[in-house]
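*Asks:* Sequence plus the predicted model coming up.
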Amino acid sequence: MTTTTTGALGGAATRAGDVIRLNKINKVFQTKRGPLPVLSDISFGIAPGEVICLVGESGCGKTTTGKIVVGLIDQTSGEIFYEGRDSRTLKGKDYDAFRRAVQIIHQDPYASLNPARSIFQTLSAPLLRYKLARGRNDLNAKVIELLERVDLTPASDFVDKYPHQLSGGQRQRLSIARALTVEPRFIVADESVSMLDVSIRMSLLGTLTRLKDELGVAFIFITHDLAIARHFAWEGRIAVMYLGRIIEIGPTPQVINDPQHPYTRALLGAIPEADPEVTRTKERMHLRSLDIPSLYNIPAGCAFHPRCPLWEQGLCDTLVPPLYEIKPGQQAACHVMAREVAGIQPIDLRDAPDAEAAK
Ligand SMILES: Nc1ncnc2c1ncn2[C@@H]1O[C@H](COP(=O)(O)OP(=O)(O)OP(=O)(O)O)[C@@H](O)[C@H]1O
Ligand SMILES: [Mg+2]
């Protein structure tokens, strides 16, 4: 088998100064039907204030990745580094600091908010727990400030309300305010706007964008909608997931304007454009099959090959593609594009040199 140098492969896991870094995360759920491998070999880092969008179809592992990053569920193998330290080795005060620094806004805000707690109670509990407010007046002022930050105004109208008295968009804003109580450095926002009506979605997206700019918080922004990813993370990166793997990652404008993986091209082809002329002329990627294979029975080689119009027998159904650096800063797990665009000879992921060890 031909080999390549680490220079042709992604080094996303090896950047210095990242707030959070995932290194070869695997997750297998034990289910009644047997082991379910939900995440395979997920590696990327996030710099302070950076935004990375995780996109992909339902069930590809976005929420599971987010929950593992913030420590809500354990990975089966691999490491999460917080400021360079393995999060599983953090103890006592260091562990508390980690749990405070990384927050998640859940996919379903209704399920994650305590219905018996008023808005004031919801927001004041973490402020008190982490001793972030001094005395009653300071606590009141901080709760009001948080509500204003997420545009739940006039704030005094909201403090005594309960989650069931809020609309879907307002509940999502409350979830964001609660995540902000503890002054996080890093937020996982899981489908925070996807489920909302278009006008409410745009308004909430505007609030999140303002918070990102004002607070300098790093984000993993999870969405199945590439149009939302394009809007929120234009200055950041996009990571496209398929069946538990990242199959393309790179700066958003590059991934959107010049996608390298056939799956990314197919996803982009499905986004309607405002200009019908653009939609008509946009390159269409015709998949061989529309069915997503089961995680219980992931296809051999490249998991996308049964649907891929570019697949080559003996290559794509045999070798697991690593993330090849096809364009500067842009990596895609496609043997054919790596060879055609960048002249990189195919290798199997399992034979790829360890980027970490090669540092
Ligand atoms: N606790 C669990 N036990 C068993 N399987 C699970 C568990 N949690 C998630 N899964 C499975 O793992 C896979 C990935 O789920 P996940 O929720 O991460 O996907 P997702 O990309 O967030 O999807 P969606 O867009 O629908 O939210 C799915 O097949 C799901 O059924
Ligand atoms: Mg999800």
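*Replies:* Done, it's in. Predicted model, so just to flag it, every value in this text is computed and none were measured. Residues are numbered from 1 along each chain as shown. Ligands and ions are numbered 1, 2, ... in the order given.
*Asks:* The top helix by length along the chain: which residues count as buried?
*Replies:* Selection of the longest helix in the chain by residue count, based on DSSP state H, yields helix 198-215. Neighbour-count burial for helix 198-215, with 16 or more other CB atoms under 10 Å as criterion, is recorded at Ile200, Arg201, Leu204, Leu205, Thr207, Leu208, Leu211, Lys212. (Each C-beta comes from the backbone N, C-alpha and C, glycine too.)
*Asks:* Go through these and name the one nearest ligand 1.
*Replies:* Arg201 (16.0 Å; CB to the nearest ligand atom).
*Asks:* Just list the residues touching the residue lying closest to the closest one once chain neighbours are set aside, thanks.
*Replies:* Distance criterion CB to CB, 6 or more residues apart in numbering; nearest residue to Arg201, sequence neighbours excluded, is Val193 at 4.5 Å. Counting by CB atoms under 8 Å, 6 or more residues apart in numbering, Val193 touches Gln172, Arg201, Leu204, Leu205, Leu208, Thr223, Ile228.
*Asks:* do that again at 7 Å, thanks
*Replies:* With contact set as CB atoms under 7 Å, 6 or more residues apart in numbering, Val193 has these partners: Arg201, Leu204, Leu205, Ile228.
*Asks:* would it count as being in a strand?
*Replies:* No: counting by DSSP: H, G, I helix; E, B strand; the rest coil, Val193 falls outside a strand, being coil.
*Asks:* mind checking pLDDT for the residue nearest in space to the middle of the chain?
*Replies:* Centroid-nearest residue in the chain, with CA atoms, centre = their mean: Leu54, separated by 3.3 Å. Leu54 is assigned 97 on the pLDDT scale.
*Asks:* do the same with Met285
*Replies:* So, for Met285, pLDDT stands at 69.
*Asks:* same question, Leu9
*Replies:* So Leu9 comes in at 52 (pLDDT).
*Asks:* Same check on Thr14?
*Replies:* The per-residue pLDDT of Thr14 was computed as 46.
*Asks:* now do Tyr110
*Replies:* On the pLDDT scale, Tyr110 gets 75.
*Asks:* what's the closest non-adjacent residue to it?
*Replies:* Arg171 (6.2 Å).
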